[in-house]
Structure formats: structure tokens, C-alpha cells
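Chemist: Next comes the sequence, and after it the predicted model I'd like to discuss.
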There are 4 protein chains.
Amino acid sequence: MASAKKTPERRDQLILATLDAIRDRGIANLRIQDVAERAGVSTGTVHYHFNDLDQLIDDVYTWACERFYTTRLQALADIPDAREQLAAMIDAGIPKSEDDALVIAMHDIDLFRRGSATMGPLLQALYDRQVALYFAALQLGVAQGHFRLAGPIIDLAQNFVSLEDAYELHIISGNRSASPRRARELVLGYARIVTGCSELSLHH
Amino acid sequence: MASAKKTPERRDQLILATLDAIRDRGIANLRIQDVAERAGVSTGTVHYHFNDLDQLIDDVYTWACERFYTTRLQALADIPDAREQLAAMIDAGIPKSEDDALVIAMHDIDLFRRGSATMGPLLQALYDRQVALYFAALQLGVAQGHFRLAGPIIDLAQNFVSLEDAYELHIISGNRSASPRRARELVLGYARIVTGCSELSLHH
Amino acid sequence: MASAKKTPERRDQLILATLDAIRDRGIANLRIQDVAERAGVSTGTVHYHFNDLDQLIDDVYTWACERFYTTRLQALADIPDAREQLAAMIDAGIPKSEDDALVIAMHDIDLFRRGSATMGPLLQALYDRQVALYFAALQLGVAQGHFRLAGPIIDLAQNFVSLEDAYELHIISGNRSASPRRARELVLGYARIVTGCSELSLHH
Amino acid sequence: MASAKKTPERRDQLILATLDAIRDRGIANLRIQDVAERAGVSTGTVHYHFNDLDQLIDDVYTWACERFYTTRLQALADIPDAREQLAAMIDAGIPKSEDDALVIAMHDIDLFRRGSATMGPLLQALYDRQVALYFAALQLGVAQGHFRLAGPIIDLAQNFVSLEDAYELHIISGNRSASPRRARELVLGYARIVTGCSELSLHH
DNA sequence: CATGAATGAGCTTTCATTCAT
DNA sequence: AATGAATGAAAGCTCATTCAT
């Protein structure tokens, strides 16, 4: 990575500034200057840390995927009960508001870089890891005797991730028929059906 | 609409050219020239029919939503059996390939125009209409005695649409874990679970 | 003149439409389409009657100078008294409002065509003819015993025309310190001083 | 003002280049490139210092009005005799040649921006200040016993300014009947008549 | 490391002009 | 004569990128 040496604090500051800038202006209108303004530095500084705009966006995407996954993984760390794990994943997986900069940036960059050799694998890796998280929770629930799965475990896990993705998209697009609260209900409803576990709820 | 009179054939030709151009270059890189080239006209002609790029994109989006919904509605027209209806909707709702220009354009424009006053309502209208289609099929299946629904009918319908949306996104993003074939299986699996109807299949 | 044959009515209609268009949009923003719209014809028609925009403007200018001079000459035709002649010239020479399309067009075109070999002589000819009108009225007034001139007759005549020009400019520029009414007072004041004739007034 | 910080020297250089460009090409044909060429910079630089062409022209006009007035005011500073003051004002107020870039720019912009909310007040302010200068000189001449005014002092002052304006216009339009030398004679003639002071001359 | 003035490629947009009908 | 769809040259404007300080 070209910018490994150059004071990691400034680097992170610029990445966070980019997340905000993408949320505010959309990735299509994103200018170096937007990032610089939000970070309180000059445009030259942005170029010093990231050779060009493409690299900045690449790095933001990598950072965001990592952060997104890590955050969710940590949310499970100390939860022993599969039912609570599943609930926590749903809760963490759906944005609290339509202004979630992390989620917006990930979807914007996905779109913006569609077909790119760099991004494709990263996206898929994230997807697969998320599937793995649901897989693990479902598996555990079966072992703990809480879940009786209504279908193949991989299929259910993939559908969980897909529902999450879809509601992320609707939330950041401002779809009023799929508010954060409603989206949680709907995914939880899916969870109850496919696990046969009617006790599932977000605030257990 | 400014371009109502100016020879509708040329207008449609330009809209189709725009769909192709968005698929090939991504909406963020879309140039007037890309549209003109694909339509075999000059850039001036594009401006003659659509005042500016924003209006072109608006009109493409409106056209695409309309076409998308109409296509699916027609797919149901002559199907009396709810099971076949549901299968047909799933089949029509998931792109056959990652190059589906209509689906790509709709998703690209959604994100590109996030927060736009024009687009938001249109997106939501499309979502609500799609939900209505699933609602109708599920309702019919219950009446025909084929379906025993595992949850509230509206919730199920919304989740159907969301799964579709998510798989559309993954397919056009080239996610290999969610191919068109696999996506159909997964949504169909969901359908079997929530309808309690194990006979559901795409080619009945 | 290229357009001599082509139905003079349509030609005049287009010239009048151009006057309005220049007043409304300024000569710098004047488009063929503005003329066409105001004349209720298509842009093609404008091109049919005037080969290009330059020629249209040339013809409008020629027409306007002619009309401007002729109007003023006619205002004097049946006035035998030099005092009334002078008053009539002042009255006719200063625009009644800041929206006088003829005056606006003449000044706009002067500016627009500054340095042009075509326009320069035309402007000067108009100036000289206006000077001649004042010269004639002053000369007559002396002969009739009404005027005792305070300076060389040519100098006075030139200053009359210049004052008029200046107030035309200020009026169409919307200068509130030089309204049509005030401009008339001021030029009339000048007239009284240089003719020594205190009876001069606009409505004798 | 957006360009307050960005190196005032470069800013002034660009304004001077614009004056030349307007004189050479006319304001209606003025291109950013004309300014850039004359200043020896790239077009991007012009946009960097003045957001767009309109703002450049606004700023040039403001600058020109200020400069025009200041120059004339300074010409009076150390002249105690009202007769010499008046002569100096006439001399400073009429362009020495038809290529006076400052005067050309002011007249061009006046007409170009006719009806603009920004320009109107500025024009009028300049007019009123010029009137005030003549007012002051006339008043002083009366007090000094040199002048016996032939009419109301304000009227005379306004006519002085108007004559100047008119001759400026004729000079930059290349009217041969109103050369710089001749214009000076004519305004001076007016001055002698209305002040009753026959000693007035440009080079006392 | 940081700055911000300067650059110029690349795009959109406008509009006079042409021409088939 | 008149139309208006189509053209394409000509500008303006944006913004990533460079570089001297």
C-alpha cells in the first residue's frame, strides 16, 4: 500500500472525511476538494496520501468492508445464546438511519466500481463472510435446540444476508415503506419462520 | 414534459441507447457522447430531445420503472394458478444475466439520484406496486387452497420484493455466490417455506 | 438587398420582432429563436428572409435609423414656429419610457457593432442628419427673431444632439436621476439658455 | 467577494487584461480565452480567480467605476481656481482617443448588463458622483466671483455629465464629427455659455 | 509534510445553420 | 415559402493533478 508510512492518523482522518463526503454529495459528485474541506486540509494533502482519486476510493472501500464486518463480528463476541446472536446480527446489519455513511459509501462504491477487477472480489468476500456469520448462528441455534430450520442452512443464511442488503438499500434511498424499524420487523419475521423459534426479538 | 412532441420514435431510440450506455460505462461515467454514439446520432440531437443530462436520466428512469412493472404484470396476465403465478414472478423478477441493461440502469439511477426529490417517490411507487403483485399472488394461493402462509401476508410480500432486489444487485455486481440460477433457487426456497407449498418450481 | 423580393410584409414583421427581442433579451443574448418566437414563425423562416444573424442585425439597424430620423422629420413638417419646432424635436428625441424598443435596439447595435465598417458610417450619417435638424430649427428661430444664440450655431446643434443621446442612454439604462420627464426639463433648460428664449416649453 | 484572498496582483492583472480584451473584441464576443491570452495565463486561471464570466465582468465594472471616479477626483485635488478645476474636469472626462479601454469597458458593460440588478445602482452611483463633482466646481466658481450661472446649478451639472457621456460614446464609436479635440471644444463652449466666463480654456 | 495557485483535458451546453419534406 | 429535426463548431465550466514554495 502506497501510503503505509505516511502517518496513519492523517490517513484515517481522510478516509472518514471521504465517508462523510460521499454521504453528503454522492459518489458521482465527489471531488477531492470535498474530502479536503471535511478533513480541514488542502487538496494537495489528499494527493500526498492517496496518489489519485481511484486509489482513495479503493482504500475507503477496503476500509469500510473491514470495519463493517469487524463491527458485526464484535457484536457477537460475548453472546452465548444463538437466539440473541441472531437478533444482534439483524440489529447490527440494518442501518439505524438513512444517513449511515458507512453503508452509503459501500453501496455507492459498489455501484461506481461495478465490473472493476479490484472491487468485485472484495464485495464477494464480504458477502461470503456475512453468510458465514449467519451460518454460524443458525448452526449454533440448532445445536442449542432453539432452532428447527425450515430449509437448507446455507440457503437460509444467504437469504438473511440478501434481505439485509435489500433493506440497507431501501433505507438509504429513503423508501418510506421500508424504514429502519420496519426493516427490522421484517427480517425478524423471516427469522422466526425459518428457525421455528417464535421467541426471537430484538430486545430480549 | 418538454420532449413530448418531438418524434417519439427517436425519443425511445435514445432511451434504449442510454440503457446500453449505462450498462457499458456505468452511470457515473455516462457522457452524452456515449448515448449519441450508440444511437448513431450527434450529441446535439440528444440535447434536442432531452434538454440536459439530468432530464435524460430522469426520463430513462421513468421509462424503465414503467417497463419493468408492465413486463412483470403481463407475465401474470393469463396464469390462473397462484403457484404458477408466483413462480412466474420470481422468474421474471430476477435478471437472466449480469448484463440486463434495464435492471442495471434502475439500480444505477437509484443510487446516483439518492436524495433527489424527483426519484424518491418514483422508486417507492415501484416498490409498492411490486409488493402489491406478490400480495395478489399470495392471496390468490390461499383462496385456491394451495398456500398456508407462515406469516402476515404483507410482510411476506415485502420480503419477496426485497429478496429480488438484493439478488438483482448481486447479479449485476457479478457476485459468483449469487448467480441468476442460484438466486432463483434461493427465492423459490423462501417461497416454499412461507407458503407451505412444496410443489413450487420454476418450470412446472 | 438579398431579401428584396421575399414578401416585404413578412420582412417587416421579422424586423419588428427583432426589436422586441433585443429589448427583452439584450442584443448579446439574442437568438434566432427569440426572433422566430416573437414573430410566430419557425427559425427556418428567419433564415429564409435574412441569410444570417449579422444580416438581420444590419437590416434592423438600417431600418431603425431610417425610422428614427423620419419620425422626427415628420414631427416638424407642419410646424411653422421655430420655438415649437425646437420643442417638438426635444420631445420626439427623448424616449417616453425605458422600454423604447427602437432606441434600445439602436444603442445596443451601436455597441455590438463598434468598429464595424458597415455600421460606423451609418451611425455618423444619423448623427449628422440630427445635427442638421437642430441647425435648421435654430437658424429659423434667428430669422424669425425668436432666438439670440449664445454661441456658434453648429456647436449648439451638436450639443443638442449629444444631450439627447446621453439622456436616451440613461433612460434605457434605468438611471433614476435622469427620468424621461427630468431629461426633457434639462434639455429644455439648455435650449432656453442658448437661444435666449425663455418662452420655450413642451406644451406650448 | 469570492476572490478577495487569491493574490490581488494576479486579480488586477486579469482585470486589466479584460479591459484590453473588451476593447479589442467587444464585450459581446469576449471569451475567457481572450482574457487568458492577454494575461499570459491559462483559462483555468481566470476561472480560479473569478468563478465565471459574469463575475469577472461585474468585478471589472466595479473596478472601472472606482478607477474612473478616483482619477477625476485626483485631477482636482490641488487646483484652487474654479475655472481651472472645470477645465480639468472636462479634460479628464473626455477620452483622449477612441481606444480608451476604461471608457469602452464601462459603456460596453452598461449596455450589456442593462436591467441587471447589480449594475443599475452602480451606474447611477457613478453618475451622481460625477454630477457632484461638477456641482462643486460650479459652486466654487460662483463663490470666487468667476461664474454667473445661466440656470439652476444642478441642471447645469447634470448637463455637463451628460455631454461628457455622449461624447465618450461618440468618440469610442469612431464618430468623425465628434473627435476628442472637437468634443472638448464643444463642452468648453457649453461651459462658457452657462458660466458666463469667457476665459475658460483647457490650457490656461 | 502541507499548501494552494496554476494548469488543461474533458465534458456539457448552446445555437446558428442546413436541409429534407 | 415554411417547417423543425438534425448537426457540429464553439464556448464555458469543472476538477484531478502538478509543483514551487
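Modeler: All right, it came through fine.
Chemist: can you pull the pLDDT of the residue of chain A positioned farthest from its centre?
Modeler: Ranked by distance from the centre of chain A (CA atoms, centre = their mean), the top residue is A:Gly44, with 30.3 Å. A:Gly44 is assigned 95 on the pLDDT scale.
Chemist: ditto for A:His204
Modeler: As predicted, A:His204 sits at a pLDDT of 46.
Chemist: Low-confidence ranges, chain A, go.
Modeler: A:1-6, A:204 (pLDDT under 70).
Chemist: Tell me if the host helix or strand of A:Ala125 is near chain B.
Modeler: According to DSSP states H and E, A:Ala125 maps onto helix A:119-143. Yes - for helix A:119-143, a contact with chain B is found by CB under 8 Å from any CB of the partner chain, at A:120, A:123-124, A:127-128, A:131. Where C-beta positions appear, they are placed from N, C-alpha and C, glycine not excepted.
Chemist: Please point out which parts of that helix sit buried.
Modeler: Buried residues in helix A:119-143, counted by 16 or more other CB atoms under 10 Å in any protein chain shown: A:119-120, A:122-124, A:126-127, A:130-131, A:133-135, A:137-138, A:140-141.
Chemist: contacts for stretch A:56-64?
Modeler: A:1, A:3, A:14-15, A:18-19, A:22, A:27, A:32, A:35, A:46, A:50, A:102, A:105-106, A:109, A:112-113, A:118-119, A:122 (CB atoms under 8 Å, 6 or more residues apart in numbering or on different chains).
Chemist: So which residues of chain A form helices?
Modeler: A:8-25, A:32-39, A:43-49, A:53-76, A:82-93, A:101-112, A:119-143, A:153-172, A:180-195 (DSSP state H).
Chemist: by how many degrees do the last one and helix A:82-93 diverge?
Modeler: Right, helix A:180-195. Computed by axes from the mean of the first three to the mean of the last three CA atoms, to 10 degrees, the angle separating helix A:180-195 from helix A:82-93 equals 150 degrees.
Chemist: Check whether stretch A:42-49 comes near DNA strand E.
Modeler: Yes - applying CB under 7 Å from any atom of the strand, one finds stretch A:42-49 in contact with DNA strand E at A:42-45, A:47-49.
Chemist: Weed out the non-buried ones from these.
Modeler: Neighbour-count burial (16+ other CB under 10 Å) is assigned, among the residues of stretch A:42-49 next to DNA strand E, to A:45, A:49.
Chemist: Switch the residues of stretch A:42-49 next to DNA strand E over to JSON lines; also include distance to chain C.
Modeler: Putting these into JSON lines (distance: CB to the nearest CB, whole Å) gives the following:
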{"residue": "A:Ser42", "distance to chain C": "38"}
{"residue": "A:Thr43", "distance to chain C": "35"}
{"residue": "A:Gly44", "distance to chain C": "39"}
{"residue": "A:Thr45", "distance to chain C": "42"}
{"residue": "A:His47", "distance to chain C": "40"}
{"residue": "A:Tyr48", "distance to chain C": "44"}
{"residue": "A:His49", "distance to chain C": "46"}
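Chemist: Which residue comes closest to the residue most central in space within chain A once chain neighbours are left out?
Modeler: Taking CA atoms, centre = their mean as the criterion, A:Phe68 is the residue nearest the geometric centre of chain A, at 4.5 Å. Take A:Phe68 and drop its neighbours on the chain: the residue closest to it by CB to CB, 6 or more residues apart in numbering or on different chains is A:Leu102, 6.2 Å away.
Chemist: cool, A:Ser179 as well?
Modeler: A:Ile171 (7.2 Å).
Chemist: residues contacting the residue nearest to A:Phe68?
Modeler: Counting by CB under 8 Å, 6+ apart, the residues that A:Leu102 touches are A:19, A:64, A:67-68.
Chemist: Only whichever of the residues you listed are buried, select them in ChimeraX.
Modeler: Remark: buried members of the contacts of A:Leu102, expressed as a ChimeraX selection using 16+ other CB under 10 Å:
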select /A:19,64,68
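Chemist: need the contacts of A:Leu102 in a markdown table with distance to DNA strand E, can you?
Modeler: What follows is those, written out as a markdown table (distance: CB to the nearest atom of the strand, whole Å):
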| residue | distance to DNA strand E |
| --- | --- |
| A:Leu19 | 19 |
| A:Ala64 | 22 |
| A:Arg67 | 22 |
| A:Phe68 | 27 |
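Chemist: what would the contacts of A:Leu102 look like in JSON lines with distance to A:Glu98?
Modeler: Output for the contacts of A:Leu102, formatted as JSON lines (distance: CB to CB, whole Å):
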{"residue": "A:Leu19", "distance to A:Glu98": "15"}
{"residue": "A:Ala64", "distance to A:Glu98": "17"}
{"residue": "A:Arg67", "distance to A:Glu98": "19"}
{"residue": "A:Phe68", "distance to A:Glu98": "17"}
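Chemist: Can you tell me how far the residue of chain A found nearest chain C is from chain D?
Modeler: Residue of chain A nearest chain C, by CB to the nearest CB: A:Asn29 (29.1 Å). Distance, A:Asn29 to chain D, by CB to the nearest CB, to the nearest Å: 18 Å.
Chemist: Please apply the same query to A:Ser173.
Modeler: When A:Ser173 is compared with chain D (using CB to the nearest CB), they lie 33 Å apart.
Chemist: Point out the residues in chain A that sit beside DNA strand F.
Modeler: So far as CB under 7 Å from any atom of the strand goes, chain A lies against DNA strand F at A:29-33, A:43-44, A:47, A:52-54.
Chemist: which one of these has the most neighbours?
Modeler: Using other CB atoms under 10 Å in any protein chain shown as the neighbour criterion, A:Leu30 leads the residues of chain A next to DNA strand F with 21 neighbours.
Chemist: Hmm, that residue is touching A:Leu19, no?
Modeler: No - here A:Leu30 does not reach A:Leu19: they are 10.7 Å apart, not a contact under CB atoms under 8 Å.
Chemist: number of nearby residues for A:Leu76?
Modeler: Neighbours of A:Leu76 using other CB under 10 Å come to 17.
Chemist: Now it: closest residue in space, sequence neighbours ignored.
Modeler: Counting by CB to CB, 6+ apart, A:Gln85 is the residue found nearest to A:Leu76 once chain neighbours are left out, at 5.3 Å.
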